[in-house]
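Novice: Predicted coordinates and the sequence they were generated for:
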Amino acid sequence: MAHQTRDHNLRLKGILSNALAGTAPGREDIVFLLSLSDEDSISMLFDTARQIRSRHFGNRVFLYGFLYFSTECKNDCLFCKYRRSNRSLIRYRKSPEEILEAAEAMAASGVHLIDLTMGESAFFHNRGDLGFKALVDLTKGIKRAAGLPLMISPGVVPEKTLAELAAAGADWYACYQETYNRELFSTLRLDQSFDRRMEAKKTAGSLGMLVEEGLLLGMGETLDDVGDAVMAMQALDVDQARVMTFRPQAGTPMELLHSPDALGELMVIAVLRLVLPDRLIPASLDVDGLAGLGQRLDAGANVVTSLVVPGQGLAGVAHQTLDIEGSRRTPRAIGPVLEARSLKPASRNDYLTWMASTRNGHAGGLPWPDNLSSPDLFPDLEKIAPGGEDRPFVQMEN
């Protein structure tokens, strides 16, 4: 037993030392890390992930506003509250005026990016060029009104539409496999193509868009499946890698399933940091709300996602209403959690610099010491109001 413990410790220390030296773990070592069960080993993993985050990003964290502008969806995913077959759900599709108002409020709150998310709404997806033109025009209007980087999460759309979205100002494309186990994928995402989703991400990257991939844990995957997914995200060279824990949703075939604790998610966050050291890894407020933010940051995350402005009638995904109207998913609300960990919101210039560096094919991260300002690549940013008018720019809350 002592011999096995010694071998275990030596292997763990070797993997973590190599990661700190710049050598990412391979698949077998990833599965080994994901299988850790004792508190000391897990603590060592998290500590290494934080060291690597600090090396590339200092103490700075990026903030994403979440604008779920349409909960209509033509898909019938088993795990999703907003699946087509859930007849008990009251849905919404916000008007362009409501969406612009919410986007401007998010920009004023101090976020670095606005994530425009929708279900695969028939209004946009089933009307051919007319529907997709409405989506492109909406993207263009929000970009102009908010003056921030945009992530678009429209589901799988034609290559022509992706190109038009990029030209309209969409900087990011998010499209999640949720799992890289093809059999599990086909069970969860009914009548959807694994390969089409993969090709959509590759196409977006070829168009110059940054790409986010995502996993959902607790739906029947094995540690080997997760190891395969992490390796696939590394091979895809994703710019942001998200993982979330499954939460059973009323009105779905999976509503009575056990809801796993967050430890698996935390360990995947840490492993992703070792494998993708200079990329963005979110801590989502959508799973456990403000109460779960700290532990995700402690595991190595460097983006706070799913910040939602209250009073706009906007929903979350994993939890429809969690912490939203109580103003607990705002930049101001998360401030104490960041401060307790000696973290702080990055400047908007920091974020734009990271995006430009990554798009140009350089190593990611923030390549300057914490005690210096970021290179002033965008000198007019702080002087321009979100709508382009000559009015005071709302600075990020510290």
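Specialist: Yep, it's here. Please read these numbers as outputs of a predicted model, since none were measured by experiment.

Novice: Restricting to C-alpha, output the one helix or strand Gly65 maps to in PDB.
Specialist: Assigned by DSSP states H and E, Gly65 belongs to strand 60-70. What follows is strand 60-70, C-alpha atoms only, in PDB (Å, rounded to 0.1, in the frame of the first residue of the first chain):
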ATOM      1  CA  ARG A  60      -7.000  39.700 -13.900                       C
ATOM      2  CA  VAL A  61     -10.400  38.100 -14.700                       C
ATOM      3  CA  PHE A  62     -12.700  38.800 -17.700                       C
ATOM      4  CA  LEU A  63     -16.400  39.300 -17.300                       C
ATOM      5  CA  TYR A  64     -19.100  38.200 -19.700                       C
ATOM      6  CA  GLY A  65     -22.700  39.400 -19.900                       C
ATOM      7  CA  PHE A  66     -25.300  36.800 -20.900                       C
ATOM      8  CA  LEU A  67     -28.100  37.900 -23.100                       C
ATOM      9  CA  TYR A  68     -30.500  34.900 -23.700                       C
ATOM     10  CA  PHE A  69     -32.700  36.700 -26.200                       C
ATOM     11  CA  SER A  70     -34.900  33.800 -27.400                       C
END
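
Novice: Give me the distance between the two termini of stretch 87-95.
Specialist: Distance across stretch 87-95, first residue to last, is 22 Å (CA to CA, to the nearest Å).

Novice: contact partners of that stretch?
Specialist: 69-72, 81-82, 102, 121, 123, 250-251, 313-315 (CB atoms under 8 Å, 6 or more residues apart in numbering). Where C-beta positions appear, they are placed from N, C-alpha and C, glycine not excepted.

Novice: returning to what we had before: which is the succeeding secondary structure element to the strand holding Gly65?
Specialist: Next element after strand 60-70 (DSSP H and E): helix 96-109.

Novice: Would you indicate which residues of that following helix are buried?
Specialist: Ile99, Leu100, Ala102, Ala103, Glu104, Ala105, Met106, Ala107, Ser109 (16 or more other CB atoms under 10 Å).

Novice: Show the pLDDT at the second one.
Specialist: According to the model's per-residue confidence, Leu100 sits at a pLDDT of 96.

Novice: Ok, the last one next?
Specialist: Looking at Ser109, its pLDDT reads 97.

Novice: gap between the residue nearest to it when sequence neighbours are not counted and Val111?
Specialist: Nearest non-adjacent residue to Ser109, counting by CB to CB, 6 or more residues apart in numbering: Pro331, 5.4 Å away. Distance of Pro331 to Val111, computed by CB to CB, to the nearest Å: 6 Å.

Novice: So which of these two has more stuff around it?
Specialist: It is Val111, of Pro331 and Val111, that has more neighbours when counted by other CB atoms under 10 Å, with 27 against 21.
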